[in-house]
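Asks: what's the 3D shape of this:
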Amino acid sequence: MVALKGANATPVSVTTSPSASCTVPPSESARRRQARGKNAAILSAGSIAMQGPTRASAGSLPRVLGVRSILIDFDGTACAHDAAEHILEAFGQAGWRELDEVWERGEMGAPESLTIQAAMMRRPTQEIVAFAVEHCPMEPTFAPFVRRCQDAGVPVTLVSDGFGLYIEPLLRAVGIEGVAIVTNTWVDGGEIAFPNGHPDCIGCGTCKMRAVLQAPGPVAFIGEGSSDKYAAVYADLVYAKDVLVHHCERDGVPYRPWTDFDDVWRDLTEGAPPPGPVAPLRCPGWMPRSPTA
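Replies: Residues are numbered from 1 along each chain as shown. Okay, here's the model as predicted:
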């Protein structure tokens, strides 16, 4: 069993300090879930565009493993390497790391920083993808994990705020099928589009908060990086490692540490029920597109 960790590890007492951008509902499990419902108001009309099979409605999914949906970050999580960083190191220009740091500080939205970084890589898509397939292997336990989840009837969705172009080729390389993908869209020639962003917020290119809130719940989220922190505050169950651990502990998100997907599977089948989401009434990363949003 993977131990629950974090500042608020007790499932029924998850709280965090309120701020101007993050109002936290009461900590009781039932009221936390009510808050999750209220967060649906943040979502605008229109749904996230999905690459891959359409997920079934919540009512048609068998509830096994304690969750109805599993959302997984790609770079550094499903993929053993941060593929976006690898291709920027190979094809980008000086200054791309500084753009990541500016985003981390909240001084620039991800769409703007990713657009600048993409323009640094005006190389044929096929060349970039071939490099990723050669140098960025998938996490070895990911494919067996996906098949186990599929056998259990629980859909797996990859949610990525990276460049997107290498995800499907890397999945094909290890024979993974039937996984939905929510990510940004690469346009040949060094351009990128953001079909899965929030209509009123420019903080992220792909809004992982929306992905979690629109998935049939309870939702498990698995991640490791800074771009996963906003999914973590809305997921019912969080598996965290590396930088995401820091964000969870800072934001009062109960999490379960993991090393590989065998750890996650073991906890899903043998561990405690999901503690439920922190679910602030507004995403902590809210960066309005306009001053009135």
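Asks: And for D151, the neighbour number?
Replies: Residues contacting D151 under the criterion other C-beta atoms under 10 Å number 9. C-beta: built from backbone N, CA, C; applies to glycine.
Asks: tell me the phi and psi of it?
Replies: In terms of degrees, to the nearest 10, the main-chain angles of D151 are phi -60, psi -30.
Asks: do you know how far it is from W265?
Replies: 11 Å (C-beta to C-beta, to the nearest Å).
Asks: what do you get for P288?
Replies: Going from P288 to W265 by C-beta to C-beta gives 39 Å.
Asks: quick one: low-confidence ranges for the chain?
Replies: For the chain, the stretches with pLDDT under 70 are 1-64, 291-293.
Asks: What segments of the stretch 1-150 of the chain are strands?
Replies: Read by DSSP state E, counting those that start in this stretch, the stretch 1-150 of the chain holds these strands, from start to end of the chain: 69-72.
Asks: how deep is the residue lying closest to P218 once chain neighbours are set aside tucked in, by neighbour count?
Replies: If the residues on either side of it in the chain are set aside, P218 comes closest to D236, at 3.8 Å by C-beta to C-beta, 6 or more residues apart in numbering. For D236, the number of neighbouring residues by other C-beta under 10 Å comes to 25.
Asks: Check which residues of stretch 234-253 are buried.
Replies: 234-241, 243-245, 247-249, 251-253 (16 or more other C-beta atoms under 10 Å).
Asks: Surely Y230 and R210 touch.
Replies: No: in terms of C-beta atoms under 8 Å, Y230 does not count as a neighbour of R210; the distance is 9.6 Å.
Asks: quick one, phi/psi of C136?
Replies: phi -130, psi 80.
Asks: Likewise for V156?
Replies: Recorded main-chain torsions at V156 are phi -110, psi 130, according to degrees, to the nearest 10.
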